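**Q** Need the 3D shape of this:
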Amino acid sequence: MKAVITAAGRGSRMSPSTRAIPKGLLPLFSNYNGKFSVVPIIQLIIDNLAVSGVDDICVVVGEKKDPLITYLLGGGNRLTFVQQDPPLGFADAVSKAKDFVKNDPFFVHADDGIAFSNKRNLLLAMWDKIKEGADAALLVRETPEAFRGGVVVGKKSGDHIDVDDALEKVSNPPSNWALTAVYAFSRKSMSYISAVRTGRTGEAELTDAISNMAKEGRVVAIELDNKNEFWLNVGNPESYHDALEISYNISARKLPSLERG
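**A** Residues are numbered from 1 along each chain as shown. Next up is the predicted model:
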């Protein structure tokens, strides 16, 4: 199984902490390898992918690539690196991994957030949908602040949402289902992603590719249970504060470690 981790963003909302390092090196609390500690979020993401069966990872890096590559290679990880510079959007970042993905299905995971569940493996739940024939499987959460990023529109159907459309940063979103920047894609999805061009937001948005896939094929979403599952994000000071608090509480209580979510 393959995965693409996007780690080329400038992290301007977390400056000055991210002047020298990418967001992916910001730490969270964890019971990492059974020991209470602080661990860079990208390591937790990589371990979570590995536990879910991913054995081939491409990291899309940017101008702050040196400390990230140094850290990741020092941990003995087997990784491929490609560069996106300048950062022109999420879809542009993923498309840089086109040669790595080839014609295989794959995960996409941003470097600044991770989902935690104490009741199921969320990545495998998404992968099951790809195996059942979906073109894309998305991880979403219900929030009144869906206007801050990508949002999907659709209808609940059993254990998932059938997605009709995806939109990026709209002031009055048509739903509260916010994307979490974790995706599973079928083997034909890269053609949609690499075809995206700069749009309304000034960037090449992954939501445009998802919207086209939803119109021409089948896209589903897995919704986080807000009582038992968490989306931890280090992308801005407010969300990072929450992520630190939640990850500390999870780890201090010796619940399953974050990388096992």
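**Q** that's a strand at Asp104, yeah?
**A** No: looking at Asp104 with DSSP: H, G, I helix; E, B strand; the rest coil, it is coil, so not inside a strand.
**Q** can you give me the strands in this structure?
**A** All strands of the chain, identified by DSSP state E, fall at 2-7, 27-32, 35-40, 56-61, 79-83, 106-110, 113-117, 136-142, 150-157, 160-168, 177-185, 219-223, 229-233.
**Q** contacting residues around the nearest residue to Ser194 once chain neighbours are set aside?
**A** Counting by Cβ to Cβ, 6 or more residues apart in numbering, Ser194 lies nearest to Ser95, which is 4.1 Å off, once chain neighbours are set aside. C-beta here means a position set from N, CA and C on the backbone, and glycine is covered the same way. Going by Cβ atoms under 8 Å, 6 or more residues apart in numbering, Ser95 touches Met190, Ile193, Ser194, Val196, Ala204.
**Q** Quick check: the fourth one touching Thr207?
**A** To tie it back to what came earlier, the one meant is Val196. No: with contact defined as Cβ atoms under 8 Å, Val196 does not reach Thr207; the gap is 9.1 Å.
**Q** so which of the contacts of Ser95 comes closest to Phe90?
**A** Distance to Phe90 across the contacts of Ser95 (Cβ to Cβ) is lowest for Ala204, with 7.3 Å.
**Q** and the closest one, how many neighbours?
**A** Using other Cβ atoms under 10 Å, Ala204 has 22 other residues around it.
**Q** what's the answer for Ser30, then?
**A** Residues lying near Ser30 (other Cβ under 10 Å) number 26.
**Q** ok, so what distance separates it from Ala134?
**A** Per Cβ to Cβ, to the nearest Å, Ser30 is found 31 Å from Ala134.
**Q** just Lys227 next, same as before
**A** Distance, Lys227 to Ala134, using Cβ to Cβ: 26 Å.
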